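Enquirer: Need coordinates for the following:
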Amino acid sequence: MFAFLSLRKPRKELRETVLAAKRRLISDDDILSDAKKEELRGIVSGAAAVNRSDRKAMEEFIRSASAKLERLSDVHGNKRKLRSILDILAVAFAVAFGIRALYLQPFKIPTSSMQPTLFGIHYVDRKGFAEHNSPAANLLKIPYLAVRPAEMKIAEDGEFRAYQPSRELGIFDTTLLQIGSSVYSLPGTINQVARYLDLERRQEFKQGEVPADGWLSTGDHLFVDRVSIHYLPPRRGDVIVFTTENIKSPTQPLGGYYYIKRLVGLPGDTLKIVDRMLYIKPRGATEFKPATAFSKKFDRIYSMEGGYQGHIASELLAPGLELTVPNDAFFALGDNTSNSLDGRNWGFIPRKNMIGRALNIFWPLSRRWGFVDTKPALSGKTVLPGSMGWQ
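Expert: As a prediction, this is how the structure comes out:
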């Protein structure tokens, strides 16, 4: 009985030694030489020949085999460590991309169509930003974190003659402008540069003039919740992301594959805009009610404060027109009604185009950071386009 018990430990260690050799053969097959593989196979075959009733023979074999395994580990230690790190990174990337595809998707706001709820890529003048001296605001000024320097001083009199798109660091959109015989580099696409230089209204520049002295904001970056929309139906007032597949604008090409807007109409809703207020008549209802009666999220839109302007009646929802949302479709508008290409222009969003709800802004660290659509409007009446004080 005691002899049997004394053999249990060496037998177990012998099995573990064999397993260690087999694992090395399998896991390190790509980095082991033929000679090293033969040594490992020798450990496996040698263990099979050891007498399991001879404690001394087993212990001697285990010592010899362990020494060989340790020597082989030392030879390929760095390679094994590197491969282990790469394996971990591969799994991490797989998990990250899986989460992106199934749950959360990062999204960058490209335009101003959802201001002031969400800010897209826009020019920030140095003078207008000077009042912000908090640590967070100073962090935003670090190049390429949240802004890119946009600085231009005219070297000689001349007129705008040509432009060429380029890439800074191989990543960032940049535009080369020729004014007179001088060439200048500014951040952004030609459309963005033309907007902050006001190239539509001016083509001539004077020596010493400073048309740009500030930064080009890279826009709000947020996560889109791709899951809840499959369990909680879209609701009026939600900020949604969708694809523009099979959506056509009669006046201009759509600016990208992904769009972000505020959902205002569900299937069966009849819509109209009167005095900058959206009115909704749900399916089966007999009268219209203001959008604010359906969701508190509309309160800011129609507060006419902090840059919110309500909604302008135009195109498909021009004054006097009504529009009914078909089955399996939705209707959406931008919060920046004066500068939004939205459902008034191109109509409805097919249900299959819906990606998810805007969840939270993770960059930059601005007033809007955190969950989307939760900040109150800034105080101060909105100055409407065309009115005194508008610039």
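
Enquirer: Go ahead and confirm Pro149 touches Leu186.
Expert: No: if you go by C-beta atoms under 8 Å, Pro149 and Leu186 don't touch, sitting 9.4 Å apart. Heads up, the C-betas are built off the backbone N, CA and C, glycines and all.

Enquirer: which of the two has more neighbours?
Expert: Taking neighbours as other C-beta atoms under 10 Å, Pro149 and Leu186 compare with Leu186 leading, 24 against 15.

Enquirer: Looks to me like that one is in a helix.
Expert: No: assigned with DSSP: H, G, I helix; E, B strand; the rest coil, Leu186 falls outside any helix and is strand.

Enquirer: Relative to Ser64, how far out is the closest residue to Ser53 other than its chain neighbours?
Expert: Leaving aside its sequence neighbours, Ser53 sits nearest to Leu7 (C-beta to C-beta, 6 or more residues apart in numbering; 6.9 Å). For Leu7, the distance to Ser64 (C-beta to C-beta, to the nearest Å) stands at 19 Å.

Enquirer: thinking again about what came up before, how about the backbone phi and psi for the residue nearest to Ser53?
Expert: Dihedral pair for Leu7: phi -90, psi -10, per degrees, to the nearest 10.

Enquirer: now do Ser66
Expert: For Ser66, the backbone dihedrals are phi -60, psi -40 (criterion: degrees, to the nearest 10).

Enquirer: what does Thr324 give?
Expert: Dihedral angles (degrees, to the nearest 10) for Thr324: phi -110, psi 130.

Enquirer: distance of it from Lys272?
Expert: 10 Å.

Enquirer: Who has more neighbours out of these two?
Expert: Set Thr324 next to Lys272 and count neighbours by other C-beta under 10 Å: Lys272 wins out with 18 against 14.

Enquirer: pretty sure the more buried one is in contact with Tyr279, am I right?
Expert: Yes: between Lys272 and Tyr279 there is a contact under C-beta under 8 Å: 5.1 Å.

Enquirer: which residues do those two both contact?
Expert: Both Lys272 and Tyr279 are in contact with Phe288, where contact means C-beta atoms under 8 Å, 6 or more residues apart in numbering.

Enquirer: Mind jotting down where the helices sit in the stretch 51-200 of the chain?
Expert: Ranges of helices in the stretch 51-200 of the chain, per DSSP state H, counting those that start in this stretch, are 55-75, 77-102, 126-129, 135-140, 190-197.

Enquirer: Confidence-wise, which of these is weakest overall?
Expert: If the helices of the stretch 51-200 of the chain are sorted by mean pLDDT, helix 135-140 sits at the bottom with a mean of 49.

Enquirer: Domain map for this protein?
Expert: The record's domain parsing of the chain by automatic domain parsing lists 2-79, 122-217, 221-371.

Enquirer: can you put those in JSON lines and add distance to Gln105?
Expert: Compiled in JSON lines, these are given as follows (distance: least, C-beta to C-beta, whole Å):
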{"stretch": "domain 2-79", "distance to Gln105": "35"}
{"stretch": "domain 122-217", "distance to Gln105": "20"}
{"stretch": "domain 221-371", "distance to Gln105": "5"}
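
Enquirer: closest one to Phe107 among those?
Expert: Distance to Phe107, taken as C-beta to C-beta, is lowest for domain 221-371 among the domains of the chain, at 5.1 Å.

Enquirer: How far away from the center of its chain is that closest one?
Expert: Distance of domain 221-371 from the chain centroid (C-alpha atoms, centre = their mean, to the nearest Å) equals 20 Å.

Enquirer: Mind checking the pLDDT average for it?
Expert: Mean predicted confidence for domain 221-371 is 91.

Enquirer: Alpha carbons of the helix or strand Ala35 falls within, in PDB - could you do that?
Expert: Taking DSSP states H and E as the criterion, the element that holds Ala35 is helix 34-49. Extracted in PDB, the C-alpha atoms of helix 34-49 (Å, rounded to 0.1, in the frame of the first residue of the first chain):
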ATOM      1  CA  ASP A  34      14.200  19.900 -36.600                       C
ATOM      2  CA  ALA A  35      16.800  19.000 -34.000                       C
ATOM      3  CA  LYS A  36      14.900  20.500 -31.100                       C
ATOM      4  CA  LYS A  37      11.700  18.900 -32.300                       C
ATOM      5  CA  GLU A  38      13.500  15.500 -32.300                       C
ATOM      6  CA  GLU A  39      14.700  16.200 -28.700                       C
ATOM      7  CA  LEU A  40      11.100  16.800 -27.600                       C
ATOM      8  CA  ARG A  41       9.800  13.700 -29.400                       C
ATOM      9  CA  GLY A  42      12.600  11.800 -27.600                       C
ATOM     10  CA  ILE A  43      11.200  12.900 -24.200                       C
ATOM     11  CA  VAL A  44       7.800  11.700 -25.200                       C
ATOM     12  CA  SER A  45       9.000   8.300 -26.500                       C
ATOM     13  CA  GLY A  46      11.500   8.000 -23.600                       C
ATOM     14  CA  ALA A  47       8.700   8.500 -21.000                       C
ATOM     15  CA  ALA A  48       6.800   5.700 -22.600                       C
ATOM     16  CA  ALA A  49       9.700   3.300 -21.900                       C
END
